[in-house]
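*Asks:* Provided below are the primary sequence and the corresponding predicted coordinates.
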Amino acid sequence: MPEDGSKVDVVTPSSECAAMELEPIPPGELLRASLEVALDHVSEPLVLAVSGGSDSMALLHAMVRWAPGRIAAVATFDHATGDYATEAASLVAAQARRLGVTVVRERSRSTGTGEAAWRDARWSFLRRVARGFRARVATAHTRDDQLETIIMRLMRGSGARGLAALAAPSRVVRPWLGVSRVELKRWVASENIPFLDDPMNESLRFLRGRVRHDLLPAIAQVDGAFGDDLLSIGERAAAWRRDVERLVDESGAQVHGDGQRLTVPVRALEQTTNEGRAVLWPALCARVGVTLDARGTRSAVGFTTSGRVGTHITVAGGAFILRRRDGRGELFEVRRPERRVTAPTVWNGVSEALPLRFGRWRFRRLGVEPLAMDAWSIGLPAHAPVVMRRWERGDRIRTPGAPAGRRVTRYFSELRIPVLDRPGWPVVLSHDEVVWVPGVCRGVAAPSRPGRSDLIWYRCEREFD
């Protein structure tokens, strides 16, 4: 207090913040700031996922206004579920073209059977578009979407990984995750931005609609802070997941080929506890799109210490975890279920015309004799009859080391080829004798001797390598 006894108002930083919070931030400033924060660490261009609703139309117009150079294209997907879906896609396409933005529009070939099918079809489309532009996908998910998703995950018994919900580490950019639907609609209205309301948003047919229109309003009447508390839990879960992802980065895990396989050194999982493995395995599997449930996680944890080289277990959705060894040492490999490929049972022809593909195997005819000879290459006499078929358990091949013949299975085992990989492995025969098992061995009946000008040379490659 001053010496004259007069009263002085003391203003602290916290009271300044409180005073500022009483004044609402103009919608445009809030959205612009949200965009700047979201794009700060994103170097790639963006494919904007725009459905025609107010949230996504706000994303389109905000990006055009404040970050036009970051837009690769707008992607809109017509689910073929009725007039609204087609009208919304048409609105998006018209607005994007008016704003001078490239638009990619696709209509579903089927109407789908529910939310999960629609989501899968939409995301398959968005990922294809993003790959084509070498870009990342940006969506208009809001604070409200995050809250609804957390509640739905809680109802399904999700742990910390699931409760991170839309805030989990991802290549998807979500600028509006801290913005409410009300705030977005205020800006859309102030800017006279056209949009269409999806009638499905008002429906109670699906779980999200019931959470939005029934459950959340009822809880809010009892506890007004419930939503904020859940969002806080989601933020802490997302921070935890970021820490786990850093551990996975440091584990030596590698995603191979087209994202169907992941390998990680065995020691990375053996040197931690069962509790640590229960955290790492779901994160490792997620990198190749495999979601482990509680049962799958327990199986993976047990397999870490009990699995022998060459053995495997089946986890969620038909994916596999196997233990194998190569030049780097012992590895665990996570493999997604293989896409269905129509593989022939048998092919008949001559040496000049081996098929370009046989199931998941590619055969490439070489113009000259290869400089390096290995089991992936072979020279076949011109005009020789050739049969190619899948490996069978009783197959034998004569090699320099076993001129009387030896089971192909023995060679598979010596090369530590997992049992999972053996079905469908091609075997090449000539004159009813096995002459080549690509990548495994060549038989003495295969005249692959250097210098023979009458040989037709081929090299085989596995599709996922």
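*Replies:* Ah, there it is. As the structure is a computational prediction, the values presented were derived from the model and not from experiment.
*Asks:* Name the secondary structure element that contains the closest residue to residue 174 other than its chain neighbours.
*Replies:* Nearest non-adjacent residue to residue 174, counting by Cβ to Cβ, 6 or more residues apart in numbering: residue 141, 4.9 Å away. In this view, the C-beta of every residue, glycine as well, is placed from N, C-alpha and C. Under the criterion DSSP states H and E, no helix or strand holds residue 141.
*Asks:* who are the neighbours in contact with residue 141?
*Replies:* By Cβ atoms under 8 Å, 6 or more residues apart in numbering, residue 141 lies in contact with 55, 166, 174, 176, 177.
*Asks:* 6 Å instead?
*Replies:* 166, 174, 177 (Cβ atoms under 6 Å, 6 or more residues apart in numbering).
*Asks:* so how far is residue 173 from the nearest residue to residue 55 once chain neighbours are set aside?
*Replies:* In space, and not counting its chain neighbours, residue 55 is closest to residue 140: 4.0 Å by Cβ to Cβ, 6+ apart. Going from residue 140 to residue 173 by Cβ to Cβ, to the nearest Å gives 10 Å.
*Asks:* same check, this time on residue 428
*Replies:* Distance from residue 428 to residue 173, by Cβ to Cβ: 49 Å.
*Asks:* And for residue 82?
*Replies:* Using Cβ to Cβ, residue 82 is found at 30 Å from residue 173.
*Asks:* neighbour count winner among the two?
*Replies:* residue 173 (23 against 12; other Cβ atoms under 10 Å).
*Asks:* Can you tell me the closest non-neighbouring residue to the residue nearest in space to the middle of the chain?
*Replies:* The chain has residue 289 as the residue nearest its centroid, 4.6 Å off, counting by Cα atoms, centre = their mean. Spatial nearest neighbour of residue 289, excluding adjacent residues (Cβ to Cβ, 6+ apart): residue 336 at 6.0 Å.
*Asks:* Hmm, residue 283 and residue 248 touching each other?
*Replies:* Yes - using Cβ atoms under 6 Å, residue 248 makes contact with residue 283 at a distance of 5.0 Å.
*Asks:* quick one: low-confidence ranges for the chain?
*Replies:* Scanning the chain for pLDDT under 70 picks out 1-24, 111-113, 338-344, 447-453, 464-465.
*Asks:* got the domain boundaries for it?
*Replies:* What automatic domain parsing lists as the domains of the chain is 23-140+175-202, 253-335, 346-462.
*Asks:* Of all those domains, which one is nearest residue 235?
*Replies:* domain 23-140+175-202 (9.9 Å; Cβ to Cβ).
*Asks:* re the thing from before, between the contacts of residue 141, which sits nearest residue 330?
*Replies:* residue 166 (37.0 Å).
*Asks:* Columns distance to residue 220 on top of the domains of the chain, output as TSV?
*Replies:* Formatted as TSV, these follow (distance: least, Cβ to Cβ, whole Å):
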stretch	distance to residue 220
domain 23-140+175-202	13
domain 253-335	31
domain 346-462	51
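*Asks:* Minimum distance to residue 219: which of those has it?
*Replies:* Closest to residue 219 of the domains of the chain is domain 23-140+175-202 (Cβ to Cβ; 16.7 Å).
*Asks:* so how far is the first residue of stretch 381-393 from its last?
*Replies:* Stretch 381-393 has an end-to-end distance of 27 Å (Cα to Cα, to the nearest Å).
*Asks:* got a list of contacts for it?
*Replies:* Contacting residues not belonging to stretch 381-393 are listed as 346-351, 358, 424-430, 454, 456 [Cβ under 6 Å, 6+ apart].
*Asks:* List the buried residues of the one helix or strand residue 123 maps to.
*Replies:* Using DSSP H and E, residue 123 maps to helix 115-133. Neighbour-count burial for helix 115-133, counted by 16 or more other Cβ atoms under 10 Å, picks out 118, 121, 122, 125, 126, 129, 130, 133.
*Asks:* so the residue nearest to the centre of the chain is in which element?
*Replies:* Counting by DSSP H and E, residue 289 is part of no helix or strand.
*Asks:* now do the one 10 residues further on
*Replies:* Taking DSSP H and E as the criterion, residue 299 maps to helix 294-306.
*Asks:* Which helix or strand contains the residue lying closest to residue 172 once chain neighbours are set aside?
*Replies:* With sequence-adjacent residues excluded and distances taken as Cβ to Cβ, 6+ apart, residue 172 is closest to residue 137, at 5.2 Å. Using DSSP H and E, residue 137 sits within strand 136-138.
*Asks:* could you say what helices and strands that strand packs with?
*Replies:* The contact analysis (3 or more Cβ pairs under 6 Å, 6 or more residues apart in numbering; DSSP states H and E) places strand 136-138 against strand 46-49.
*Asks:* Pairing partners for the strand it packs on, with directions?
*Replies:* Strand pairing for strand 46-49, using DSSP bridges, gives strand 71-78 (parallel), strand 136-138 (parallel).
*Asks:* residues of the helix or strand just after the last one that come out buried?
*Replies:* Beyond strand 136-138 in the direction of the C-terminus, DSSP H and E gives the next helix or strand as helix 143-155. Taking 16+ other Cβ under 10 Å as the neighbour-count basis, helix 143-155 is seen to contain the buried residues 143, 144, 145, 146, 147, 148, 149, 150, 151, 152, 153.
*Asks:* would JSON lines of the residues you listed with distance to residue 379 be doable?
*Replies:* Listed next are the buried residues of helix 143-155 as JSON lines, based on distance: Cβ to Cβ, whole Å:
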{"residue": "143", "distance to residue 379": "66"}
{"residue": "144", "distance to residue 379": "66"}
{"residue": "145", "distance to residue 379": "61"}
{"residue": "146", "distance to residue 379": "61"}
{"residue": "147", "distance to residue 379": "66"}
{"residue": "148", "distance to residue 379": "63"}
{"residue": "149", "distance to residue 379": "59"}
{"residue": "150", "distance to residue 379": "62"}
{"residue": "151", "distance to residue 379": "65"}
{"residue": "152", "distance to residue 379": "60"}
{"residue": "153", "distance to residue 379": "58"}
